[in-house]
Each structure stands twice: as C-alpha cells, then as structure tokens.
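> Give me the fold of what follows.
(one chain, ligands or ions: 1)
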Amino acid sequence: MPRNNFLARWTIVIALVLASLQTPQAQTPAPQLGKNSVKEVVAAMTTEEKVKLLVGMGLNLEIPGLPTPAAEDKIPEKVVGAAGRTHPIPRLGIPTLTLSDGPAGVRIDPVRNGDTSKTYYATGFPIATLLASSWDTSVANRIGLAMGREVRDYGIDILLAPAMNIHRNPLGGRNFEYYSEDPLIAGKMAAAFVKGVQANGVGTSIKHFAANNQEFNRTQSNSLVSERALREIYLRGFEIAVKESQPWTVMSSYNLINGTYTSQSKDLLTTLLRDEWGFKGFVMSDWFGGNNAVEQLRAGNDVLMPGVVFQTEAITKALTDGTLSKEQLDKNVERVLNIVLESPAFKNNKYSNQPDLRGNAQIAREAATEGMVLLKNDNNVLPLARRAKIALLGNQSYDLIAGGTGSGNVNKKYVVSLDQGLASTGFTFDDSLKNSYVRFIRDENAKRPKVPFFVLPPPIPEMSVDTARLQQLAAETDIAILTLGRNSGEFADRKVEDDFTLTSAEIVLIDNISQAFHSKAKKVVVVLNVGGPIEVASWRRKVDAVLLAWQPGQEGGNAIADVLSGKVNPSGKLATTFPVTYNDVPSAKTFPGKELAGVTPLISNPLGGKPAEATYEEGIYVGYRYSNTFGVKPAYDFGYGLSYTTFEYGPANLSSTKFQDKVKVSVVVKNNGKVAGKEVVQLYVSAPGVKLKKPSSELRAFAKTRLLKPGEAQTISFTLTPRDLASFDSSSSSWIAEAGTYAVNIASSPSNIKSSTKLELEKDLIVERSRKLLEPTQALRDLEPK
Ligand code: BGC
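Numbering: from 1, shown residues only. Have a look, this model is predicted:
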C-alpha cells in the first residue's frame, strides 16, 4: 500500500474517532430555560430531573408522623416558613419556586433563626368572608394588589390563595377562608383578587378544587354530589375565576368527588379545567393530598406537594414498567416550566424583604370597613354619640380575633383591639373593667392546654360580670358594647353547641347587660367578631344594634371603631345566610358526613383521617337558594345589611323585554337619607323552571355604588347573557335556558325586591354543550321543590 494512501486512511480513521469523542452532547452546553424553548429543555431533561420537578421538596418541618424531606432536600429555605418549594434544576436554568399561604395574608415565619434584629411580618388582612360581604370586587382587587406586593417583596413566587370553596354549611371549619354560599360572588371575588395579586408578576393558586366543604376526615372524605350541583354550585366559582383571571395555578382538594380523588380526576383537571375552561397553568395537589402519585400526573395534577419520597419512587417505577408514559410526564413538566418562566425566581427579580406594612395596614383597615354588615340598628342607636363613655364588655373587646387559624393564619406584627380602636377615635371607658378583662384573659390563656402546631386551642370562657357591677356600669357610662367571638381553622369543623349557639355564659351576660342598661334607658350594641354565622334569633331582641364585624384583620379594632363612630357608613351585605336555627340549614342532616367502617385507603394519608363520605342531598339548594325556595325564613337573609342612610331605587330599565343574545339592565339608585353611603345593587333572575326545577331566584349580577352624598344618584348597569338564564341539564350535559317568562329582579336581598321586570325567551336555548363528567357512582336524589 502506497505510504500516502496509508496515511490518508489513518488520518480519516483518527478524524472519525475524534469526531465520535466530541459528540454533540459533550460539545453543546445544556439548553437553558428562557434561552431555549420549553420543548428543548424538556428534551434535555433526564427522567430523574423531570420527576424531581413534579414532586416538591418536602415539608421543611419536623412534625411527628409527617414525612420529612429527602436528605439532599434539607437545605435552608429562601423564605423561612413558606409552605412549600419545587426542586431546582440548575443545570438547565430552572430555579426553585417558593409557595406561601394566603388567603388573609402571606404566611411566613416572622423571625429567622432566632434573630429578632430583623423581622418578616406580613399584613393580616380581613378574612375572605368579610371581603365578599363588601359585594365590591374592587375591594378584593385592592387586597390582592397589596398582598401580591408582599409576595413579591418577600421573594415568593406563588401565593396559595384565594380559597374559594362554597359555604355549604355554617359549621365548615375553613369557611372564614372562603367567600360565600354563592358561586357568582365567590368566582367574581376570586377573579378580582387573582388579577390584583398577579399584576405584581407573582402567581396565585385558586383552591381547593373542588367540593371541599368541610374539615371532617378531609383527606379521605368522598363528596357525593350530583352533576348539576357540581356545575352550578361547587364548580361555577372556579369556572368564573379561571375564565376571567387565568390564575397561574390551581390547587386540587383533599377530598374525593363521587369516588375519585379530585387530584386523580382527569374529568376534573383535564377535560373540564383545561379543555372546557381553557386553564393554562399547572395544577398542584393540596399538601399530601390523594393516594396515587401516578394517577395524579395522569389526571393532570402536575405537581405533588409538599412532595414525598414514596411519590418519586412510585412515578419512577411506573415510568420503568410503562404504566406512565413519557408523553404524559413531558406534558406535566412543560406546564410547570411555562409557569416557571413567568416567575420572579426565574427572572431573578430583586426583592426587598421590606414590604410597605404601614401602607398595607391602611388598605386592610379600609377594606375591613367595607365588608362589615350592620344587622340591626333600632332607633339609630349607631353611630355612637361623639365622645360617648362606653362599657366595653366581652373578652373579644380586648382580644380581637383578626383571622382564623391553620394555614389561613398570618404572622402579623400586631392586632388593634377594639378598645384601642375606640380609644383612638375619642371614646372613653371604664378602666377598671378593662383591667379585669385584661387580667382574666391573661390568666385564662396561661391555663390553656398546649396544642400541637396548627391546632386551635379551646376558647377561653366568657368572663362573667356580676349584676351589681353591670348596674354600676349602666349608671356611669352612656352605652354598652358587647363583643362576642368565634374562631376556627384547618383540621376541625365548628360545632352546633357553644359555637353556632351561644354559650350559657354568653346568654347570661347578654341578659344581664340588657336588663341593667335598658332599665336605665341606655342602649346595648353587640359586635360579632366571627368567621361564620352564629345563632342570633334567640337573643337579638334583647339588644339594640348588632354589627357583624367578622374577623377583620390586624387593623380590626380601628375598622370597627370607624363604623361604630360613623366615620364610615356600613355598606356590607351578607354573602352567606344567617339561619334561625342550625336545623334550618339544608345540609344539617348530612354535614359533615359519616365515617365508612371497614374501608382502608390504599395509602393512608400522613395527615390522618378515616375514609368517610358526605352526601350533598340538598343538591343546588344551598343557602338562600334553599331558604327562599322552600320558604324557610332565615334570621338574616343573604344580601341583607343596613346602612346609616337609605336608598331609593328607580324602575329597572331593560334594553329589550325579549331575550336575544343579551339584555342590558339599568337602574338608578339614589341616596335619599341624611349621610353619604354606598349601596349594593343585586340582580336576581327567576326562571320559568318548568322542565328543570329552579330556585325561586338566583343572583346573576351585583355592583356597589360609589359613595353617594345625600340626594346623589347613580345609574348601575348590568348585562345578562344566555348563561345567566341557563341551568345545567345533566341528562344532556348542557347548559339550557328554557323558553318562557323570566323575572329580572333588582333587589337588596332575594326577598326584598325593589323592581321586577318580565323578560321573554321565545325558544329553548342550548347555551353550552359539555359532556358527562364526574358522574356519581350511585343514584343521588337531590332535593327538589314540588
Ligand atoms: C391546606 C392548604 C394550604 C397547604 C399549605 C394544607 O393543609 O389545606 O390550603 O395551602 O396546607 O400550607
């Protein structure tokens, strides 16, 4: 072989060997999120990396019985006390996402590593039930904007809020975190809140999706709900929030719906949420929710929180044995990466760790006044006379409950008590009474049993005040104010006795105060510092005024004083019914459900609980839909609330009395009283309800006027769409508006109609077609009117 040939051949061989050594992989740097497309990044990820992204970093807390993070995940948190984190994959430019609770404020630890020289408090905003009672979406939006700024300023990516389950029953332990018994209010409030938060370039997680209406065995409870009740009541709010505000994420709930864990339901998380409603973000599980990680990914529950090692193992095994496809895994990963791309962590945003707590406190105070509801005000006892001397009674007057407990709690710097709020508004008190209360509360608190992390200790009993002292107070002061309080939170529902109803100590106190003060022609005001309805019908006649202050956040005392003093005219209305007795609640018999003997879950949830089920027998007749249709008069109706002024409504004006594509409804509302005020205008529709039975009327639109001066008027306009006339027909899986005569009622509660106009729909309308989803596995017979 000629030498040249020989050399040439070897040169080629060497070149080939070198080329094979320098494979593109070795040469090309790994794709980077943001620089390369999401698809390219996914293609470059190893299976292990993909699984890591989908299974959170574990709970960074040592709680006996709860799984701890994998050893390599025990790394310091960027935000101490955040609820969870996703895994970073630095090789591909994927950062950790930090997730923190809402919904009443950012829940993080205020002190890090015992160093008190710098603190990390967050604003304690009013609870969601109060925000909803404002019936003003701009209030929810302002709170969202402010809370979102704190999320951003603390370097957090996603706020685990808003919470928007329906108040199915007044005993729901987390109702305070939720808005309303009505899905329109819940949906509109949530959408406004999400838009506010997300305007700061941070994300939200609307939760808990769905039909999670109790705490009893919450991780293993099966909600048996008809398709119609699901669509019209329990899913409707989420539908509105998704369509109107595109939250970055959705949190699936703990419970099962009709036999399937929500986090494992493809019907819910893919077909409905994504295919029908157009949700673009990712779904995360509630903490330790569900019992099958592989099914969760398949259903479209992309991220498992807080993330447990056995989930990683199960997913890895399913990928190896082919029971989980690579395509499915890639879909889950892509959805997460699309949101990571939006996150402050990815953008490497600087954060101050110094939110404007002072400015946000002012926002919290104003919002709190907007959602307080004046339930009773005989002879205009409120607003209080200037500089009145007050006998301030009740533990909660000195120990205000700013918000509920559990993950809905906020580590706020302070809570303004009612005595502080009233004092700075210029009122005076009996100091010895205050001293007695302060001492009593301190001593009782010291006696309280130590309870595990997150759990609500039993309430301290109401301090008794003897009749002689009350008589003396009645002689020496101008008026009595008694504050009654209730608290609740995650893990437990409220109970009827001594919680929904008054305790015997409270009853005695009301009786004695009422006698002592009325005998001296002095008045009695009750302030309700509660997270949900309590029984009022048996005692309200003994007092002159009742202000429902809810749990008004850290500025609560100031906000209540603003309303009591008349600085702010109350304009809140109930977004949840106050029944006369607990038995008047349509779900009284089936709430919170029953435990199922002999059923063992596949993997028992580390949060405990037993297999249970709750049958939603009342169907769509929740709250006012029940009381109004079945003639069960509540103590205070949904939509109800007084003002220090009065309003006059003009006739409703419809753009047409024949319904075609839509109808515009307008009405003039005038303040015909003596002080400035805002009025909530409510629009209810009564449908023919021949083929499909309907509630006697349903809220289809609402708005609040601006602050109207005496004599001032404002035109409020609404647009009714076909969906507003429609109901969900399970037999055809579609939203149908039945032909016939509808009534469009402008009202200040379902039963207090100001003007009613007829609207004709000539032909049956199929407004939207869906498909069979979330079907009950057993026949359910929903309550129906005759
Ligand atoms: C709650 C969620 C919360 C999560 C993280 C769960 O126990 O149900 O609402 O976001 O914990 O704290």
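> Identify the residues contacting the residue of the stretch 351-500 of the chain found nearest the ligand.
Scanning the stretch 351-500 of the chain for the residue nearest the ligand gives S407, at 3.8 Å (criterion: C-beta to the nearest ligand atom). C-beta: built from backbone N, CA, C; applies to glycine. Applying C-beta atoms under 8 Å, 6 or more residues apart in numbering to S407 gives the contacts A83, D101, R107, L160, F454, E490.
> repeat that with 7 Å
S407 makes contacts with A83, D101, R107, E490, as judged by C-beta atoms under 7 Å, 6 or more residues apart in numbering.
> Quick check: beta-bridge partners of the second one?
Read it as D101. Assessed by DSSP bridges, D101 has beta-bridge partners R107, L160.
> Name the residue of the stretch 1-150 of the chain that lies nearest to the ligand.
For the stretch 1-150 of the chain, C-beta to the nearest ligand atom, closest residue to the ligand: A83, 3.6 Å.
> The single nearest residue of the stretch 551-700 of the chain relative to the ligand: what's it in contact with?
For the stretch 551-700 of the chain and the ligand, the shortest gap (C-beta to the nearest ligand atom) falls at L607, measuring 7.1 Å. Contact partners of L607, counting by C-beta under 7 Å, 6+ apart, are T219, F288.
> now do 8 Å
L66, R218, T219, Y254, W287, F288.
> D153 now?
Y351, S352, N353, Q354, P355, D356.
> Include distance to the ligand when you put these into a markdown table, please.
What follows is the contacts of D153, written out as a markdown table (distance: C-beta to the nearest ligand atom, whole Å):
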| residue | distance to the ligand |
| --- | --- |
| Y351 | 21 |
| S352 | 24 |
| N353 | 21 |
| Q354 | 24 |
| P355 | 20 |
| D356 | 25 |
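> From those residues, list the buried ones, please.
Y351, P355 (16 or more other C-beta atoms under 10 Å).
> Buried ones from the contacts of L607, can you make that a ChimeraX selection?
Buried subset of these, written as a ChimeraX selection, criterion 16+ other C-beta under 10 Å:
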select :66,218,219,254,287,288
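> out of the contacts of L607, which touch the ligand?
Restricting the contacts of L607 to those touching the ligand (C-beta under 6 Å from any ligand atom) yields W287.
> Looking at the contacts of L607, which is nearest the ligand?
W287 (3.9 Å).
> doesn't L304 make contact with that closest one?
No: if you go by C-beta atoms under 8 Å, W287 and L304 don't touch, sitting 9.7 Å apart.
> Could you report the neighbour count for the closest residue to A747 other than its chain neighbours?
In this structure, A747 finds its nearest non-sequential neighbour in I753, 4.5 Å apart by C-beta to C-beta, 6 or more residues apart in numbering. I753 has 17 neighbours, counted by other C-beta atoms under 10 Å.
> so how far is the ligand from I753?
38 Å (C-beta to the nearest ligand atom, to the nearest Å).
> what does N213 give?
Using C-beta to the nearest ligand atom, N213 is found at 13 Å from the ligand.
> did I read that right, that residue in a strand?
No: according to DSSP: H, G, I helix; E, B strand; the rest coil, the state of N213 is coil, so it is not within a strand.
> Please read off the pLDDT at it from the model.
We have a pLDDT of 98 for N213.
> from now on call the first residue 41
With the count now opening at 41, the last piece we talked about shows up as N253.
> For the spatially most central residue of the chain, list the residues it contacts.
Residue closest to the mean C-alpha point of the chain, counted by C-alpha atoms, centre = their mean, is A203 at 2.5 Å. When contacts are counted by C-beta under 8 Å, 6+ apart, A203 touches G142, P143, A168, R214, E217, Y218, K247, H248, G448.
> which residues touch K744?
S174, W175, D176, S611, K718, E719, V720, V721.
> can you count the residues close to S157?
5.
> and if you look at the one 4 residues further on?
Using other C-beta under 10 Å, Y161 is surrounded by 20 other residues.
> go on, Q700?
Residues near Q700, counting by other C-beta under 10 Å: 10.
> can you check D506 too?
9.
> Tell me how far it lies from T745.
In this view, D506 and T745 are 47 Å apart by C-beta to C-beta, to the nearest Å.
> ditto for K710
Distance from K710 to T745, by C-beta to C-beta: 9 Å.
> And V730, by the same measure?
36 Å.
> re earlier: shared neighbours, K710 and T745?
Going by C-beta under 8 Å, 6+ apart, residues that sit against K710 and also against T745 are Q754.
> and the two? which has more neighbours close in?
Neighbours were counted for K710 and for T745 using other C-beta under 10 Å; T745 has more, 21 against 18.
> Quick check: pLDDT value at that one.
So, for T745, pLDDT stands at 98.
> what does the one 4 residues further on give?
K749 is assigned a predicted lDDT (pLDDT) of 98.
> any idea which helix or strand carries F678?
If you go by DSSP states H and E, F678 is not part of any helix or strand.
> check contacts around it.
E221, D222, L614, A615, T616, T617, G663, Y664, S667, L739, S789, P790.
> separation between the fourth one and Q591?
In this case it means A615. A615 is 14 Å from Q591, by C-beta to C-beta.
> Show me what from the chain comes close to the ligand.
Residues of the chain found near the ligand (C-beta under 6 Å from any ligand atom) are A123, D141, L200, K247, D326, W327, S447, E530.
> any chance of these in JSON lines, with distance to D769 too?
Shown next, in JSON lines, are the residues of the chain next to the ligand (distance: C-beta to C-beta, whole Å):
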{"residue": "A123", "distance to D769": "40"}
{"residue": "D141", "distance to D769": "38"}
{"residue": "L200", "distance to D769": "35"}
{"residue": "K247", "distance to D769": "29"}
{"residue": "D326", "distance to D769": "31"}
{"residue": "W327", "distance to D769": "37"}
{"residue": "S447", "distance to D769": "38"}
{"residue": "E530", "distance to D769": "37"}
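> Output those in JSON lines; the columns should cover secondary structure.
Output for the residues of the chain next to the ligand, formatted as JSON lines (three-state DSSP):
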{"residue": "A123", "secondary structure": "coil"}
{"residue": "D141", "secondary structure": "strand"}
{"residue": "L200", "secondary structure": "strand"}
{"residue": "K247", "secondary structure": "strand"}
{"residue": "D326", "secondary structure": "coil"}
{"residue": "W327", "secondary structure": "coil"}
{"residue": "S447", "secondary structure": "helix"}
{"residue": "E530", "secondary structure": "coil"}
